[in-house]
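>>> Could you work out the structure for the sequence below:
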Amino acid sequence: MSISGPYDDQNIFAKIIRGEMPAVKIYEDADVLSIMDVFPQAPGHVLVIPKEPVRNMLDMSAEALVTTMAQVQRHAKAMQTALAPDGIMLVQFSGEAAGQTVFHVHFHLIPRINGDTVGPHGGGMADMTELEAHAAKVRAALR
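Below you'll find the predicted structure:
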């Protein structure tokens, strides 16, 4: 069975990109949107989402992948400046068997603190005030 398939334009990230669903936005341009993960695996968990309508990284155009990865790196540097974690974990799930739950390609940036454990993917919902506070710090560091 292939991990690729038809793109569902009703997925949550497609709706957020179109402005049909709310999100705690950090950055947006013509190609990429970044938001706080509402089900963070650690405080400050950011999602970098290409606007190209594809299910996973394997389906991305080379151009979208290059543009997105440049933003992933830019956001990781801003996260390092803003949140001062001991490390940053980059995760991308391609396919249900890999743990993908939203079938629009996206990249997780998860700040790590020595000794802390990472919560489960898709775990409990975060406090919106905390998400906004982390987003404001990362936004400021992106400037």
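>>> For this protein, give me the ranges with low pLDDT.
1-2 (pLDDT under 70).
>>> Longest helix in it, please.
helix 62-83 (DSSP state H).
>>> which helices and strands sit right next to that helix?
Counting contacts by 3 or more C-beta pairs under 8 Å, 6 or more residues apart in numbering; DSSP states H and E, helix 62-83 is packed against strand 25-28, strand 32-36, strand 46-50, strand 87-91, strand 107-112, helix 128-142. C-beta here means a position set from N, CA and C on the backbone, and glycine is covered the same way.
>>> Pick out the residue closest to the middle of the chain.
For the chain, residue 47 is the residue whose C-alpha lies nearest the centre (C-alpha atoms, centre = their mean; 1.1 Å).
>>> Bridge partners for it, pull those for me.
Beta-bridge pairing of residue 47 under DSSP bridges involves residue 35, residue 108.
>>> Contacts only, for it.
34-37, 106-109 (C-beta atoms under 8 Å, 6 or more residues apart in numbering).
>>> For those residues, which two are the farthest from each other?
For the contacts of residue 47, the farthest-apart pair by C-beta to C-beta is 36 and 107; their separation is 13.7 Å.
>>> any idea how far the longest helix of the chain is from the chain center?
10 Å (C-alpha atoms, centre = their mean, to the nearest Å).
>>> do stretch 96-108 as well
10 Å.
>>> Start and end of that stretch, how far apart?
16 Å (C-alpha to C-alpha, to the nearest Å).
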